[in-house]
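1. just need the structure, nothing else, for what follows:
(chains A, B and C)
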Amino acid sequence: MLYSADTWPITVALLQFPAIARDGTRAQDATPDAWATAFRQVARAGFSSVDLTDVWVRAADLSPGRLTDFADAALDAGLTTPAISLIRRSVLHARHGDDNLAYSHRAIDAAAALGAGVVSVGLHQELTDEQKDQLWFWTVTGHQDPVGDPDMWDRAVRRLGELGRHAAEVGVLLSLEMYEDTYLGTADSAVHLVEDIGLESVGLNPDTGNLLRLHRAIDDWRDLLERTLPFANYWHVKNYQRDEDRKSGRYSAMPSTLEGGVINYREALDIAISSGFQGVICCEQYGGDGLSVSGTNQRYLRSVLPETGDYDVPSSRRLQYAPAVG
Amino acid sequence: MLYSADTWPITVALLQFPAIARDGTRAQDATPDAWATAFRQVARAGFSSVDLTDVWVRAADLSPGRLTDFADAALDAGLTTPAISLIRRSVLHARHGDDNLAYSHRAIDAAAALGAGVVSVGLHQELTDEQKDQLWFWTVTGHQDPVGDPDMWDRAVRRLGELGRHAAEVGVLLSLEMYEDTYLGTADSAVHLVEDIGLESVGLNPDTGNLLRLHRAIDDWRDLLERTLPFANYWHVKNYQRDEDRKSGRYSAMPSTLEGGVINYREALDIAISSGFQGVICCEQYGGDGLSVSGTNQRYLRSVLPETGDYDVPSSRRLQYAPAVG
Amino acid sequence: MLYSADTWPITVALLQFPAIARDGTRAQDATPDAWATAFRQVARAGFSSVDLTDVWVRAADLSPGRLTDFADAALDAGLTTPAISLIRRSVLHARHGDDNLAYSHRAIDAAAALGAGVVSVGLHQELTDEQKDQLWFWTVTGHQDPVGDPDMWDRAVRRLGELGRHAAEVGVLLSLEMYEDTYLGTADSAVHLVEDIGLESVGLNPDTGNLLRLHRAIDDWRDLLERTLPFANYWHVKNYQRDEDRKSGRYSAMPSTLEGGVINYREALDIAISSGFQGVICCEQYGGDGLSVSGTNQRYLRSVLPETGDYDVPSSRRLQYAPAVG
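-> The predicted structure follows:
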């Protein structure tokens, strides 16, 4: 049986949970009780799985004992932990690339220890000061990977391949998150990168919401998903409403529910499933009460996913990137 | 008894169902099984009635046997078919006007054969290349009916009247969809056209959502509905959020739920009901998962429609355009 | 026990209920039956409490007998009336300031008679003609209180203090609604004003939605709420989606659900509760079917408010502005 509406693993990212709480407590150093309080909010929002997004607690940097406490806090709240997303930890970063690589290795080990089947990484770097100064950071241009720089491209292939081999050894998948102006910023470049890496354990996280919200002309989401979902092994889903006035070059985008935005996720799921995708889906939302919107989004996803698991998938594509663990 | 929250017929348009599927199959030539799959999605979204919008399958062009198969596929999924909407099939089209007129006649016959009580037509024409190139086609100007051209106006009256008489003969209503820059683009012109046609079988489809989303100064929706709902015999409902900066001439509009947009549909329904409207309501939505949004919209409508059918309607206006069939 | 998700008093404002109905009836002079019809709509939208917003009926101007009828109509529909909001009745108005002051006194007496614990007033004045001419009145600048005018400031302190003393005498709280370009338009000024008044019975209504929707650079909502919620004794909640293009000075804002807008109300409630706020919350919404959106918003609020009433609040802050009545 394949996944169906009731069984498909759907996580939520923890973007609304701060690294430093209002009372000054660092989430990384918090007590298991404090973690449990956060996880109970996630469960109350309707989730039974969570993405251990590292903007809150860095699982990779917990001691073995604390990592067990962390996983127990999630389990006690009724949450499995099938995925870890690393945010803005590019292995190509000019100064922090080596640190980010080592950190990503630790995250893969943490994932294996937790029984998480997938680690998501990306090539987007820290927000610039100008980005931090905006209501929405994506309305101004940030870091850009150097286009047409074969050395940098090779470094990407080499370092991400190194992570992919490590992941394979411990039964974890490595997923590469699409993000504008990086080597994972277009369908062409992202597929090219995955193919150059050439490992079964390395696939894409086709987070087309990242590309939909930009204040500039954008690629067609259908075309993006048609080309990247066959390589997907994890999937950050989010949506935006958008308006354009092309003649005057005015673009506007606002976070929306999955149901209510420009991307038709009913159709996107159809493309995914017919491409053999059987990976974990992660609800991610910026702005406002992203956790509650994600809960709404999970209910939407389960209302349009296949009602039973006996649907047909082309055998050539079936389960290409199914997680080996969890 | 008049219609109430539980009994009011509410359809959904099939704008998200493509004429050509991803695998290249044409919906028009598809098997009844393929039709049934689509209809089951509609039923799963909460609907028990569907508008056979011709952007997917043209009921008018099915052979009698195939038309029966089509209706059976809907019925098997639990759907009645009280309405057919024809999209961009203006009888005033310079080259295709005659074809569109003949096609509209066939659609009226198909409606009668299916037991559908209403056929919706409009005077909007094919999208221009510039319109097709936009994120939202309504952000640039498209076809315009010639204002102040008595010959063209007479042709509209004559041809739509011809369709109206045919409709009356077979017990079907003809509904004229409001759309910008056509003879159905303002309350004045739309009412004038219906009055010039002067048939009980011909009324308006006051789709004010079409007018709300334009990137220009627009008429007040309340005034539009007050003036056109007394002539309504079908009603495409959709809503948009909107922002304006009039000094600089910047307008923005984004598709929304019925509940969450600029038009207050609680008030619009009140205007409709007190005008004697007892017609079918059709949920229509552009962009994203319009089917799911329409399901959300149907639930909203039933939460604000009269709880029972014993409300009062001015007898002068009661049931003026109630469908004769279905 | 403190308030919890099930018990927290949540009202809805009556912004969508017109002073003059479509049939010309004035709500102020309507029969108790007509009032009951409106209150039943409010109850059907899920509410068990209502803010007697004076844009519909002015409780302050009802005779004692009619006021009893009014309260009975609400009670018959299953609604308590814990609050009255007065809209655009500034006691600083150049011509109507004296009348508005007298009116506010009558409103406090009406509140006491109804058992309503709080009366909300503000310093915003009538909409200008230019504001009335916009889709959204907040997209152009309206009345501005004179900054740095000590006489006017003293008048605000004196007149609002006079109302606060009256309120205290009859066991009612006076809440000052934050609104742009008035002495209640920034956190600094609003807190300064409350402190200058210096009465236990006078606090803030930190309606930051008013400030979020402006077409100009705005203050951070978190900072605003952190500084004003410790002084809150009533709270109008509403939310907007928003986009900015700072370089070109383009700002856009559209009404949204509480869940779906820029302000994270999960976090806002956390700030409120940890500041000792135990006041009534009022759902307010402009545009469209604000009553239904408010019903959606109430369900959201109850999904994120504390599940039980045994949470911890710093004792120094606890119940600082708890209503003495109702």
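
2. in chain A, where is pLDDT below threshold?
-> Along chain A, segments meeting pLDDT under 70 span A:315-326.

3. do that again at 80, thanks
-> In the predicted model, chain A carries pLDDT under 80 at residues A:314-326.

4. ok, longest helix in it?
-> helix A:150-169 (DSSP state H).

5. helix, strand or coil for the spatially most central residue of chain A?
-> What sits nearest the mean C-alpha location of chain A, by Cα atoms, centre = their mean, is A:His236, with 4.2 Å. Here A:His236 takes the strand state, with states given by DSSP: H, G, I helix; E, B strand; the rest coil.

6. where's it relative to A:Ser120, distance?
-> Using Cβ to Cβ, to the nearest Å, A:His236 is found at 7 Å from A:Ser120. Heads up, the C-betas are built off the backbone N, CA and C, glycines and all.

7. what is in contact with these two at once?
-> A:Ser85, A:Glu177, A:Asn205, A:Cys282 (Cβ atoms under 8 Å, 6 or more residues apart in numbering or on different chains).

8. quick one on the thing from earlier: after the longest helix of chain A, which helix or strand is next?
-> strand A:173-177 (DSSP states H and E).

9. and the host helix or strand of A:Gln241, does that touch chain B?
-> Counting by DSSP H and E, the element that carries A:Gln241 is strand A:239-245. Yes. Counting by Cβ under 8 Å from any Cβ of the partner chain, chain B is contacted by strand A:239-245 at A:Asn239, A:Gln241, A:Arg242, A:Asp243, A:Glu244, A:Asp245.

10. can you tell me how far the residue nearest to the centre of chain A sits from chain C?
-> 19 Å (Cβ to the nearest Cβ, to the nearest Å).

11. which residues touch A:Ala60?
-> With Cβ under 8 Å, 6+ apart, A:Ala60 has these contacts: A:Asp54, A:Ile84, A:Leu86, A:Tyr103, A:Ser104, A:Arg106, A:Ala107, A:Asp109, A:Ala110.

12. in CSV: the residues you listed, plus distance to A:Thr228.
-> Converted to CSV, the contacts of A:Ala60 look like this (distance: Cβ to Cβ, whole Å):
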residue, distance to A:Thr228
A:Asp54, 23
A:Ile84, 21
A:Leu86, 19
A:Tyr103, 26
A:Ser104, 21
A:Arg106, 28
A:Ala107, 23
A:Asp109, 28
A:Ala110, 27
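
13. can you give me the neighbour number for the nearest residue to A:Gln41 once chain neighbours are set aside?
-> Nearest residue to A:Gln41 in three dimensions, chain neighbours excluded: A:Leu291, at 6.6 Å (Cβ to Cβ, 6 or more residues apart in numbering or on different chains). Residue neighbour count, defined by other Cβ atoms under 10 Å in any protein chain shown, stands at 27 for A:Leu291.

14. buried residues, the one helix or strand A:Leu291 maps to. List them.
-> Using DSSP H and E, A:Leu291 sits in helix A:290-304. By 16 or more other Cβ atoms under 10 Å in any protein chain shown, the buried positions in helix A:290-304 come out as A:290-298, A:300-304.

15. one more: stretch A:31-38?
-> In stretch A:31-38, counting by 16+ other Cβ under 10 Å, buried: A:Ala34, A:Trp35, A:Ala36, A:Ala38.

16. show residues contacting that stretch.
-> A:14, A:17, A:21, A:25, A:27, A:56-57, A:69-70, A:72-74, A:76-77.

17. ok so, going back, which of the shared contacts of A:His236 and A:Ser120 lies closest to chain B?
-> A:Cys282 (18.5 Å; Cβ to the nearest Cβ).

18. if I look at the closest one, how far off is A:Ser175?
-> On the measure of Cβ to Cβ, A:Cys282 and A:Ser175 end up 10 Å apart.

19. residues shared between the contacts of those two?
-> Joint contacts of A:Cys282 and A:Ser175 (Cβ under 8 Å, 6+ apart) are A:Ser120, A:Tyr234.

20. in terms of packing, which of the two has more residues around it?
-> A:Ser175 (33 against 28).

21. tell me which residues touch the residue nearest to A:Gly261 when sequence neighbours are not counted, please.
-> Spatially, and ignoring its direct neighbours in sequence, A:Gly261 is nearest to A:Asn239 (2.9 Å; Cβ to Cβ, 6+ apart). Shown in contact with A:Asn239 (Cβ under 8 Å, 6+ apart): A:209, A:212, A:255-263, A:265, B:288.

22. with A:Gly288 instead?
-> A:Pro255, C:Asn239, C:Glu259, C:Gly260, C:Gly261, C:Val262, C:Ile263, C:Asn264, C:Tyr265.

23. who is the second one paired with across the strands?
-> C:Asn239 has these beta-bridge partners by DSSP bridges: C:Ser256.
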